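> Provided below are the primary sequence and the corresponding predicted coordinates.
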Amino acid sequence: MFVNKDCSVLSRAHSLISGKHRYLNMAIVSLRNSTSALLLFTRRLLSPELNALCSYHIKVVDHYENPRNVGNLDKNAKNVGTGLVGAPACGDVMKLQIQVDENGKIVDAKFKTFGCGSAIASSSLATEWVKGKSVDEALKIRNTDIAKELCLPPVKLHCSMLAEDAIKAALSDYRIKQQDKKE
């Protein structure tokens, strides 16, 4: 509404100016373009949901706004593996836990992540993907698969790498507990 009024005022002023005032015409056109650009900038600045959608893929936004499997499992249980990894460069920290049944299938997975939306989305997706897999199958999940699924830009690939490292660390912890159990 605000811009429409300004544009109509500018249009009326423009129509009143004769062809002799070419520089004034150029100034009015420039002002009209600046007003449009300012409006777009203001809308983007004042609409955080638009910024989130423009900056992150919809899959990242979905996992960020509706994270799956947030929480903790009993870290002392013999059938629970815990992986805690971090990226010093960006400050992201990810804890991923898996619970494995007696047949070697991952029956539950939980995570807690301190970091950006891409880190939260990567760990949320990782917990979804490991559930129902065997320990060996879960080891085959790669950061490239996570990054491709979430459409992560190159600057956010470290988030998917953290998720892969967290899976490996959790599986390693589980295997160590199983060896201790046998001895």
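Sure, I can see it.
> who touches residue 129 in this structure?
Residue 129 is in contact with 138, 141, 146, counting by CB atoms under 8 Å, 6 or more residues apart in numbering. All C-beta spots, glycine's among them, are computed from the backbone N, C-alpha and C.
> count of residues packed around the first one?
By other CB atoms under 10 Å, 24 other residues sit near residue 138.
> which residue packs closest to it, ignoring adjacent ones?
Using CB to CB, 6 or more residues apart in numbering and skipping the chain neighbours, the partner closest in space to residue 138 is residue 130 (4.6 Å).
> which parts of the helix or strand where residue 106 lies are buried?
With secondary structure defined by DSSP states H and E, residue 106 is part of strand 106-114. For strand 106-114, a neighbour-count test (16 or more other CB atoms under 10 Å) marks 106, 108-113 as buried.
> and the angle for the helix or strand following it with strand 106-114?
Using DSSP H and E, the next helix or strand after strand 106-114 towards the C-terminus is helix 117-130. Orientation of helix 117-130 against strand 106-114 (axes from the mean of the first three to the mean of the last three CA atoms, to 10 degrees) gives an angle of 170 degrees.
> which parts of helix 117-130 are buried?
117-127, 129-130.
> can you check stretch 163-174 too?
163-171, 173-174.
> between those, which is closest to residue 80?
Using CB to CB, residue 174 comes nearest to residue 80 of these, at 7.1 Å.
> So the closest one versus residue 60, what's the distance?
Applying CB to CB, to the nearest Å, the value for residue 174 to residue 60 is 28 Å.
> Could you pull up the residues touching the residue nearest to residue 138?
Contact partners of residue 130, counting by CB under 8 Å, 6+ apart, are 98, 106, 109, 138, 141, 167.
> out of those, who's nearest residue 179?
residue 98 (16.3 Å).
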